[in-house]
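Undergrad: model this:
(3 chains)
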Amino acid sequence: MSALHPDNETLTRGEGLVLNLYVISALAVVVVMMLFGLIMRMAQGTWINVPPDIFYQLMTAHGAGMVGTVGLASSAVMWFFLRKYVRLHVAMFAANYVLFMLGALAILAAVFIGGYAGGWTFLYPLPVHSMGVWSVNSAALFMVGYLLIGVGFLVFYLDAMLAIIRSYGNLGRGLGLQWLFGGDLDKTHPPAVVASSMVVIVNSLGILGGAIVLVMCLINAYVPSLALNALLVKNLIYFFGHVFINASIYMAVIAVYELLPRFSGRLWTVSRPFLWAWALTTVMVLIVYPHHLLMDYVMPHWMLVMGQIISYTSGLPVFVVTAYGALANVYRSGIRWSVPAQLAMLSMFGWAAGIVPAIIDGTISVNQVMHNTQWVPGHFHFYLLLGVLPMVLALMFHLIDARRPAGGAVLRLGLPLYLLGGLIFVGAFLAAGHVSAPRRYAAHLPQWVPYDQVGSIGAILVIVAVLLFATYIIVGLLGAPGNATAHAAR
Amino acid sequence: MSRARRACSIGAAALLLLGLRMPPVKGALEATMTAQMLLLMPLLFVAGALLRAALPARIVPRSAAWDYRGITGLVLASVASVFWLLPRLLDSAVSQPAVDAARYVSIPLLIGLPFSVSWPRASFIVRGVFLLECVATLFRMGWLYLIWPHRLCNNYLLDDQQRLGQYLVLIGLAACIAIAAKLLWGRFDALAEAPPRASAQH
Amino acid sequence: MPLRTLLASLALVLAGGAALGAATDGFRAFTTETARRIAVRDHPVAVPAVALQSQSGARLRFADFRGQWLLVDFIYTRCPTVCLALGGDFAQLQRLLAGPIATGRVRLLSISFDPAHDSPAQLAAYQQRFGDLGQGWLAARPLSADALLQLKRTFGITVIPDPYGGYTHNTAIHVVDPRGRLVEILDSGDAQRAAEDLRRRLGS
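TA: Next comes the predicted model:
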């Protein structure tokens, strides 16, 4: 037991401080971004009036802020558990935080001071064709913000790579590739190391793609006569964005591997199917992104076919081994249903159910009629709100669990509220998407308004629940004396 | 380093530099943009790296105080490299003797030499950031040369420029694959110092 | 040690940035072609007083054009590509600037950098191909290798042989003021803009 889940999760004073910064910043930003989201939904539901330029500023900030913060919070999950098996440097973890905050500052300034509202995807050539709404400098500042965040993550991943290589020889052995076709499988090989190895590989490549395309867009911003190939830019942006947001799921899922066993009392050991799943997903996550471009008929045909096929298979292996593993782990184990355990199981449901709308949209024939501004957000909010965020929250509750076992009335209310609000919120998106028109029009159809209103109510419930969680967690982290110095798992 | 090896390195660097100054060699390597960027400049870099042996024995350890994890040297090499990525300097290096001389001095001394001093000091993370930036730059420059609608250098032809772009992208791809393969399956004997932390706790 | 490294690295980046700014005319010119445009705009250069031979066989000197605005391009008559565009530009300029040409305030001058091949007859034929009106547009070749070299250096013309037996060269419309100084280099391919630019200068 101790080899797989060392009981000792002690944080040094410095480590505790940095982790607290991650947790508190992530919670604060998530709440603010959720409020931005609520404003947008209420504006679409005609309950409040938001001018279009402000709306798109909010949308840009919400997208960039949520993707970045989910990445940041997930990297905290990875760091917290991976450091038990390999030697990570807290300075690099802190460097990621500092660079992230500098990047976030640049992005916020670009959006709310510079007025940049070209979407978090900065799709070429929109950022440099603002029709006078924002300046080239603010678009450039936004992209520089991304570059800073990318460097931060790179530094953190390189530290993780170094640590995995030091302990296991190379990343292939961290992934367990040596056991794919036989060999004496070491059952004590930690799932956290497998997942981390996968993430550092794919997201370093994602960051490389981002580093290339961001600088090219920056050059184009100041040398407009140099026209880029819009399709190539779009491919690189979606490669970068898709890999980045997927990596956050695969970082956060470590919380499930690490937390469920301690409440069920059963080990979560690696198996050959588990290793195969992670190895296959390493490749598939890198080549699945064309499913974002199914509507771009100028794309090479084979890439679209590949995008469709891989989008059926890419998420599945890791999800299947994880969900099956989770069920097997808790089945008749007499698990103690603490809040982290409940959140871990909720995340399994969110991930599973989130795959369904994704696969539907990943089908070319459906995509052509249903890829719209309701169904698509419906699909990724499902994953992120009910899949990834619960994983992250599971870690956060685990951090305060020892001192302040979660379970008061607040939480008995909070979890059901979160689930109910989340389901209403994503359900409204999906239902509106189902009845809606294809393509992405800027016009908001009147037929959608009732769905927007229902969605807003769902969003309010979610925000209330997250505010409860955030207060509880932050008070827990800051309240108890010596919280940053020592902390035992149980 | 033994005296003989030192003399060898310095001799090799001097020979290489002299060889690259010889009109037929210089002419051939400057005849195309591709040769200038992919042969002449890398060879000047190598000459600078060989010159490391010429440094007085005390200088290298002393410079370490200003070169934490090799960062200063790699920053110097990167900053100096930016100049030789500019089409304007590539162009005038062929037609203006002063720029030509600056190239023969600065690439060995400001890029090759600092790189060779600092790379061994660089930590895994510093190397990683540096390499990723190098690979990204290969792709960016290749992309630029491929799509730039006009000649960037008055001394070179457009198809030369585009061929250089292709080569840069291909080199970037090869570097990417090589680095990924090394990380996945390579040996890192120099790094493997600590046993797995978990098993150490048994 | 990290602090010293940070300071040294920052100093290097700042110094590098300053040097880069100096090497690119304040981040304006990354190519030779842009650089020479900026250079003559900031510091006009005197045109060398070399001897030329025109399409009619007459001898010319740059000094002959003192007091007139002069638009100069560099061509070779066998050119299958950019010189065709330049010839078109000049024929168009001849029409657009017919007024100032008639009053003797403006002249157009095409200079061949291939004097061995471009005899006066070839030069005249080149002009004919574009419908030369016979007034205000001269085509000429330098009479010595040294004259050609001086011209290429002053105007910043680079000529390199291409694989098809011809030449690749940079193209532009060069503006020489009445005092015989190269003051502006304009993009070729836009006669309208060049004519406007010159009219503005005539007006002032």
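
Undergrad: helix or strand for the residue positioned nearest the centre of chain B, which one?
TA: Nearest to the mean C-alpha position of chain B, by C-alpha atoms, centre = their mean, lies B:F45 at 5.6 Å. In this assignment (DSSP states H and E), B:F45 forms part of helix B:41-50.

Undergrad: anything in the helix or strand just after that helix near chain C?
TA: Counting by DSSP H and E, the element after helix B:41-50 in chain order, helix or strand, is helix B:59-63. No - using C-beta under 8 Å from any C-beta of the partner chain, no contact is recorded between helix B:59-63 and chain C, whose separation bottoms out at 9.9 Å. For every residue, glycine as well, the C-beta is placed using N, CA and C.

Undergrad: and whichever helix or strand comes after helix B:59-63, what does it pack onto?
TA: Using DSSP H and E, the next helix or strand after helix B:59-63 towards the C-terminus is helix B:71-83. If you count contacts as 3 or more C-beta pairs under 8 Å, 6 or more residues apart in numbering or on different chains; DSSP states H and E, helix B:71-83 packs onto helix B:113-118, helix B:124-147, helix C:2-23.

Undergrad: quick one: the strands in chain C?
TA: Applying DSSP state E to chain C gives strands spanning C:45-46, C:51-54, C:59-61, C:69-75, C:106-112, C:137-142, C:159-161, C:167-169, C:173-176, C:181-186.

Undergrad: span of stretch B:55-62 from start to end?
TA: Stretch B:55-62 stretches 12 Å from its first residue to its last (C-alpha to C-alpha, to the nearest Å).

Undergrad: what sits up against it?
TA: B:R52, B:L113, B:V117 (C-beta atoms under 8 Å, 6 or more residues apart in numbering or on different chains).

Undergrad: list the contacts for the closest residue in space to the second one that isn't next to it in sequence?
TA: This points to B:L113. Distances taken as C-beta to C-beta, 6 or more residues apart in numbering or on different chains place B:G48 nearest to B:L113, at 4.4 Å, with adjacent residues excluded. With contact set as C-beta under 8 Å, 6+ apart, B:G48 has these partners: B:A13, B:I107, B:P108, B:L109, B:I111, B:G112, B:L113, B:F115, B:S116.

Undergrad: and which of these is nearest A:V464?
TA: Using C-beta to C-beta, B:F115 is the member of those that sits closest to A:V464, with 56.9 Å.

Undergrad: neighbours of the nearest residue to that closest one once chain neighbours are set aside, how many?
TA: Nearest in space to B:F115, with sequence neighbours left out and distances taken as C-beta to C-beta, 6+ apart, is B:A77 at 4.5 Å. B:A77 has 25 neighbouring residues, counting by other C-beta atoms under 10 Å in any protein chain shown.

Undergrad: all helices for the stretch 201-350 of chain A, in order.
TA: Per DSSP state H, counting those that start in this stretch, the stretch 201-350 of chain A carries helices over the ranges A:230-252, A:254-264, A:272-287, A:301-313, A:316-330, A:339-361.

Undergrad: need these in JSON lines (columns: mean pLDDT).
TA: Listed next are those as JSON lines, based on pLDDT from 0 to 100:
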{"stretch": "helix A:230-252", "mean pLDDT": "93"}
{"stretch": "helix A:254-264", "mean pLDDT": "90"}
{"stretch": "helix A:272-287", "mean pLDDT": "91"}
{"stretch": "helix A:301-313", "mean pLDDT": "79"}
{"stretch": "helix A:316-330", "mean pLDDT": "83"}
{"stretch": "helix A:339-361", "mean pLDDT": "84"}
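
Undergrad: buried set for stretch C:100-117?
TA: C:100-101, C:105-115 (16 or more other C-beta atoms under 10 Å in any protein chain shown).

Undergrad: closest one to A:V392 out of those, please.
TA: The closest of the buried residues of stretch C:100-117, once distances to A:V392 are taken by C-beta to C-beta, is C:F113, at 68.8 Å.

Undergrad: surely the closest one is in contact with C:V72?
TA: No - counting by C-beta atoms under 8 Å, C:F113 does not reach C:V72; the two are 11.9 Å apart.

Undergrad: comparing the helices of the stretch 201-350 of chain A, which comes out most buried?
TA: Ranked by mean neighbour count under mean count of other C-beta atoms under 10 Å in any protein chain shown, the helices of the stretch 201-350 of chain A are led by helix A:254-264, which reaches a mean of 25.

Undergrad: returning to what we had before: where is pLDDT lowest across the contacts of stretch B:55-62?
TA: Ranked by pLDDT, those bottom out at B:R52, which has 89.

Undergrad: can you pull the contacts of that residue?
TA: Here B:R52 is in contact with B:S9, B:V60, B:L113, B:S116, B:V117 (criterion: C-beta under 8 Å, 6+ apart).

Undergrad: any idea how far it lies from A:Y331?
TA: Computed with C-beta to C-beta, to the nearest Å, the distance linking B:R52 and A:Y331 is 63 Å.

Undergrad: how close does the residue most central in space within chain C get to C:R37?
TA: Chain C has C:H174 as the residue nearest its centroid, 3.6 Å off, counting by C-alpha atoms, centre = their mean. Distance of C:H174 to C:R37, computed by C-beta to C-beta: 10 Å.

Undergrad: mind listing the shared neighbours of these two?
TA: C:E184, C:I185.

Undergrad: so C:S144 touches C:A51, yeah?
TA: Yes - with contact defined as C-beta under 8 Å, C:S144 reaches C:A51; the gap is 7.4 Å.

Undergrad: which of the helices and strands packed on helix B:71-83 sits most buried?
TA: Comparing these by mean neighbour count (mean count of other C-beta under 10 Å), helix B:113-118 ranks first with a mean of 24.

Undergrad: what is that helix packed up against?
TA: Helix B:113-118 packs on helix B:41-50, helix B:71-83, going by 3+ C-beta pairs under 8 Å, 6+ apart.

Undergrad: contacts for it, please.
TA: With contact meaning C-beta under 8 Å, 6+ apart, helix B:113-118 is reached by B:45, B:48-52, B:55, B:60, B:63, B:67, B:70-74, B:76-77.

Undergrad: the closest residue to A:M396 other than its chain neighbours and A:W337, how far apart?
TA: Leaving aside its chain neighbours, A:M396 sits nearest to A:I473 (4.8 Å; criterion: C-beta to C-beta, 6+ apart). To A:W337, A:I473 is 19 Å away according to C-beta to C-beta.

Undergrad: separation between A:F93 and chain C?
TA: Noted for A:F93: a distance of 17 Å to chain C, by C-beta to the nearest C-beta, to the nearest Å.

Undergrad: that residue: what's it in contact with?
TA: Contact analysis of A:F93 by C-beta under 8 Å, 6+ apart lists A:E15, A:V18, A:W79, A:F156, A:D159.

Undergrad: what number of residues lie near A:Y116?
TA: Around A:Y116 there are 31 residues (other C-beta under 10 Å).

Undergrad: sec struct for it, please.
TA: Here A:Y116 is coil, with the state taken from DSSP: H, G, I helix; E, B strand; the rest coil.

Undergrad: thanks again, I'm all set now.
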